[in-house]
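Asker: here are the coordinates; sequence isn't available:
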């Protein structure tokens, strides 16, 4: 059984002021590794607090953690960048955390970007699951947990995605929502929006190096 935690960046709108891209990022954790990964994530949050002063109760959210504000959570921009780098390092060295994303350029697709993003993401995830054989459990299964600031995909969306992604016999239940501030797992996938549509902060120096590092964790996961 695998748990897929999915968060989004951008929006699905087409009006003026809408984002140029719609992005889904996900991390996949096998149920046999879930408790260990959760404990390690909590320990990582403790280090962020003790080493950098980032509050343990604060959400790891790229738009706030990496904002233009000189001080946020009483931390300088430089210190917040160090926090972001620490989180990326946590993900990089853990093979139990598998990373996936779907990046949709809304100007280049005439299809429903929401459906296309889910199809792209789940196709990669299912292909990965089909090749994995966990030492402690080989029973197939997938539970999708989605940040609930948008309604989780409804049944009709999953019916459209299913023939393309081979979800039949794998999806245990419909995706359900969980607020990102209540889930350490949902907070681990971020920064991709800044790669394709960077804010003024991400133009040089340590900021660019951070984005390059973010790209590497997806490329090392086999993303083309």
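Answerer: Ah, there it is. Note that the coordinates shown come from a computational prediction; the quantities given were computed from them, not determined experimentally.
Asker: only C-alpha atoms for contact and neighbour calcs from this point on.
Answerer: Fine.
Asker: SS state for residue 46?
Answerer: Under DSSP: H, G, I helix; E, B strand; the rest coil, residue 46 falls in the helix class.
Asker: who's in contact with it?
Answerer: residue 56 (Cα atoms under 8 Å, 6 or more residues apart in numbering).
Asker: can you pull the pLDDT of it?
Answerer: Note on residue 46: pLDDT of 93.
Asker: can you name the element that comes right after the lowest-mean-pLDDT helix or strand in the chain?
Answerer: The weakest-scoring helix or strand in the chain, judged by mean pLDDT, DSSP states H and E, is helix 192-196 (a mean of 59). Note on helix 192-196: by DSSP states H and E, the next helix or strand toward the C-terminus is helix 205-219.
Asker: which helices and strands does that next one pack with?
Answerer: In terms of contacts (3 or more Cα pairs under 8 Å, 6 or more residues apart in numbering; DSSP states H and E), helix 205-219 is packed against helix 77-92, strand 98-105, helix 192-196.
Asker: what's the most buried one of the ones you listed?
Answerer: Mean neighbours per residue, mean count of other Cα atoms under 10 Å, is largest over these for strand 98-105, with a mean of 22.
Asker: who are the packing partners of the helix or strand just after that strand?
Answerer: Next helix or strand after strand 98-105 toward the C-terminus (DSSP H and E): helix 113-131. Where contact means 3+ Cα pairs under 8 Å, 6+ apart, helix 113-131 is packed against strand 21-30, strand 98-105, helix 155-165.
Asker: let's have these in JSON lines, adding mean pLDDT and distance to residue 84.
Answerer: Formatted as JSON lines, these follow (pLDDT from 0 to 100; distance: least, Cα to Cα, whole Å):
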{"stretch": "strand 21-30", "mean pLDDT": "89", "distance to residue 84": "16"}
{"stretch": "strand 98-105", "mean pLDDT": "90", "distance to residue 84": "16"}
{"stretch": "helix 155-165", "mean pLDDT": "75", "distance to residue 84": "32"}
